[in-house]
Structure formats: structure tokens, C-alpha cells
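**Q** sequence and computational prediction follow.
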Amino acid sequence: MLHHQHLNVTLHSRDGGTYRPREWFDVELDTARQVVTKIVHGSIARYRMDNTIERLVLKKGDE
């Protein structure tokens, strides 16, 4: 759902190692809340992420 909003960062730990967080995203807080709510309610499959407006929208046919 949020593939295009995934952050591509490399962080350095205190022990000198590096790691890449996989669950960090650059989205508005409201959008993140909508995604989580729709996952919890089981309705996320009816939506898609519109990357031009960076919002969830109903898929065609579910309108």
C-alpha cells in the first residue's frame, strides 16, 4: 500500500554498524491513521494509494 512512500535511509548505530529501517514511510499523519484503521476494520482491500495526491482513494468499482 505504501511502497512509494517508503523511506530509503541508512542509519548508523552507536557500535559503528549500519542498518536500513524497512517500516519507515513519508506520509501525512492522517493518511497513516486511515491506512491503519482500514487494516483493522478489514476494508483496506477496497482502497489504493493515489501517489499524486498522497491519499487513500476507493478503487474503481468500490465507489
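**A** Arrived safely.

**Q** so what's the residue count around residue 43?
**A** Using other CB atoms under 10 Å, residue 43 has 12 other residues around it. (C-beta placed from N, C-alpha, C; glycine too.)

**Q** mind pulling up the pLDDT for it?
**A** Per-residue confidence (pLDDT) for residue 43: 95.

**Q** do the same with residue 63
**A** 64.

**Q** all strands of the chain, in order?
**A** For the chain, strands defined by DSSP state E occupy the ranges 11-12, 18-19, 47-50, 55-58.

**Q** save these as a markdown table, and put in distance to residue 5, mean neighbour count and mean pLDDT too.
**A** Shown next, in a markdown table, are those (distance: least, CB to CB, whole Å; neighbours: other CB atoms under 10 Å; pLDDT from 0 to 100):
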| stretch | distance to residue 5 | mean neighbour count | mean pLDDT |
| --- | --- | --- | --- |
| strand 11-12 | 18 | 10 | 93 |
| strand 18-19 | 20 | 9 | 92 |
| strand 47-50 | 7 | 15 | 93 |
| strand 55-58 | 11 | 14 | 92 |
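
**Q** mind putting those strands into a markdown table with distance to residue 34?
**A** What follows is the strands of the chain, written out as a markdown table (distance: least, CB to CB, whole Å):
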| stretch | distance to residue 34 |
| --- | --- |
| strand 11-12 | 27 |
| strand 18-19 | 29 |
| strand 47-50 | 8 |
| strand 55-58 | 5 |
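
**Q** neighbours around residue 25, how many?
**A** 15.

**Q** all helices for this protein, in order.
**A** Counting by DSSP state H, the chain has these helices, from start to end: 29-41.

**Q** okay, the residue lying farthest from the centre of it: pLDDT?
**A** The C-alpha centroid of the chain is most remote from residue 15, which lies 29.7 Å away (CA atoms, centre = their mean). In this model, residue 15 is scored at 93, pLDDT.

**Q** quick one on the thing from earlier: and residue 26, which of the strands of the chain is closest to it?
**A** strand 47-50 (12.2 Å; CB to CB).
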